[in-house]
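Colleague: Predicted structure and sequence below. I'll ask about it afterward.
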Amino acid sequence: VNKRINEAGKSVSRDTFNYLVERTGYLEKDSAYTLSHLLNDIAKAAAHSQSDEVKAEDFEAVMTADASHDAFALLEAAFTGEKALALALWRQRCNALLPGETGREIFRMIALICSQLEMTLIARERMADGQNAKDLATAMGVHPYRLRKALEAARPKSTESLFDNLLAAYDLEQQIKSGLLSGETAVELFIACV
């Protein structure tokens, strides 16, 4: 990243680099975000930047978020009491989809929310057993920045509350498939109740 940004006559901070990795999911083993995507986003952000330093805002302006980042941002907003922001993020995600993609995306987002909550709960349990947070990321196969951000976002929640949220997220799929709620409504109610 530094090499490509330096070739464009610019610089990038370590925090911005961490933001880029977390936002794109580039270092995640199951990520669809490839080296080609990364190089294209670096070139676009460098061209977009009006200063000598490429900032997170420059990346934000030129790239599309990874779905897992959107799930993380949604949970972070909901956990910190910013329900309106969480709902806005959810609606923004839905509005960016083609009509035929909405149903599939709803189930994908539910799976990502469950994954985020599971990761956070597992990390908390291991930390309670004395495992170091830095070692946790390696043992769990996740990027340390992603794990740290997830734990920070969940800080206001008790472990019991997180577990209840996970059970509620698991229940969303059944509510949708049984016809009790539409997909969008089910996710909105989940956000409101988190």
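Modeller: Great, that's in hand.

Colleague: Helix or strand with the lowest mean pLDDT in the protein?
Modeller: Across the helices and strands of the chain, mean confidence by mean pLDDT, DSSP states H and E is lowest for helix 67-79: a mean of 78.

Colleague: Just give me how far that one sits from the chain centre.
Modeller: 5 Å (CA atoms, centre = their mean, to the nearest Å).

Colleague: Which neighbouring elements make contact with that helix?
Modeller: The helices and strands touching helix 67-79, judged by 3 or more CB pairs under 8 Å, 6 or more residues apart in numbering; DSSP states H and E, are helix 14-24, helix 83-95, helix 102-128, helix 144-153. The C-beta positions use only the backbone N, C-alpha and C, and glycine is treated the same way.

Colleague: in the second one, what counts as buried?
Modeller: The one in question is helix 83-95. 85, 86, 87, 89, 90, 93, 94 (16 or more other CB atoms under 10 Å).

Colleague: Looking at these, which one is closest to residue 38?
Modeller: Using CB to CB, residue 93 comes nearest to residue 38 of the buried residues of helix 83-95, at 22.0 Å.

Colleague: My read is that the closest one contacts residue 108, right?
Modeller: No: shown here, residue 93 and residue 108 do not form a contact pair, counting by CB atoms under 8 Å, at 10.0 Å.

Colleague: Show residues contacting the least confident helix or strand of the chain.
Modeller: Contact partners of helix 67-79, identified using CB atoms under 8 Å, 6 or more residues apart in numbering, comprise 22-25, 28, 65, 83, 85-86, 89-90, 93, 105, 108-109, 112-113, 115-117, 146, 149-150, 153-154, 156-157, 191, 194.

Colleague: in which helix or strand would I find the nearest residue to residue 39 once chain neighbours are set aside?
Modeller: Using CB to CB, 6 or more residues apart in numbering and skipping the chain neighbours, the partner closest in space to residue 39 is residue 4 (6.5 Å). Taking DSSP states H and E as the criterion, residue 4 maps to helix 2-7.
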